[in-house]
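>>> Sequence plus predicted model, see below.
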Amino acid sequence: MLSFTKMHSLGNDFVLLDGVRRPFHLGRDHIQRLADRHRGIGCDQLIVAEPGQNGADFSMRIFNTDGSEAEQCGNGARCFAKFLHCLLYTSPSPRDATLSRMPAYARKKKRGGGGGGGG
């Protein structure tokens, strides 16, 4: 079973998943089913928290309802910070947490998947 949190920010809603404690992989079709408002949980975007890269505390992956990976989302980032705090990944007192976010097009290029896109 996959646990999730649903959050709202300025008219957008997000499904957030914790991939820090228990890493997992979601395929494009699974993301589409979760995001479907009639048959799934329903959301504007799905956000996954993952262990950080290159010395960062956390990584954030953002997926659109069609299963494609988005590069950024300001309202989603706000929910992501609250999500991490609620999961007690950040202390109750103010603390700086670093976030790594490699754009989707850079990951594709790094893997040899072709040109840029996005940007």
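Structure's in. What do you need? No experiment lies behind these values; they were computed from the predicted model shown.

>>> All the helices of this structure, in order from the start?
Taking DSSP state H as the criterion, the chain carries its helices at 28-35, 74-86, 104-110.

>>> want to try TSV for the ones you listed, with mean neighbour count as columns?
The way it works is simple: take the backbone N, C-alpha and C, and place the C-beta from them, glycine included. Converted to TSV, those look like this (neighbours: other CB atoms under 10 Å):
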stretch	mean neighbour count
helix 28-35	17
helix 74-86	17
helix 104-110	14
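
>>> so can I have a markdown table of the ones you listed showing distance to Ser59?
Output for the helices of the chain, formatted as a markdown table (distance: least, CB to CB, whole Å):
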| stretch | distance to Ser59 |
| --- | --- |
| helix 28-35 | 17 |
| helix 74-86 | 10 |
| helix 104-110 | 11 |
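
>>> Ok, which of these comes nearest Ala56?
Nearest to Ala56 among these is helix 74-86 (12.1 Å), distances taken as CB to CB.

>>> ok, now which ones touch the residue most central in space within the chain?
With distances taken as CA atoms, centre = their mean, the residue of the chain nearest its centroid is Ile47 (2.4 Å). By CB atoms under 8 Å, 6 or more residues apart in numbering, Ile47 lies in contact with 14-17, 60-63, 73, 76, 79-80, 83.

>>> Which of those residues sits closest to Lys6?
Val15 (5.6 Å).

>>> nearest spatial neighbour of that closest one, skipping sequence neighbours?
Excluding the flanking residues, the one nearest Val15 by CB to CB, 6 or more residues apart in numbering is Cys43, at 4.3 Å.

>>> burial of the one you found, as a residue count?
25 (other CB atoms under 10 Å).

>>> contacting residues around it?
Counting by CB under 8 Å, 6+ apart, Cys43 touches 6, 13-15, 34-35, 37, 65.

>>> Tell me how far it lies from Asn64.
Applying CB to CB, to the nearest Å, the value for Cys43 to Asn64 is 10 Å.

>>> Name all residues that sit in contact with those two at the same time.
Joint contacts of Cys43 and Asn64 (CB under 8 Å, 6+ apart) are Ala35.
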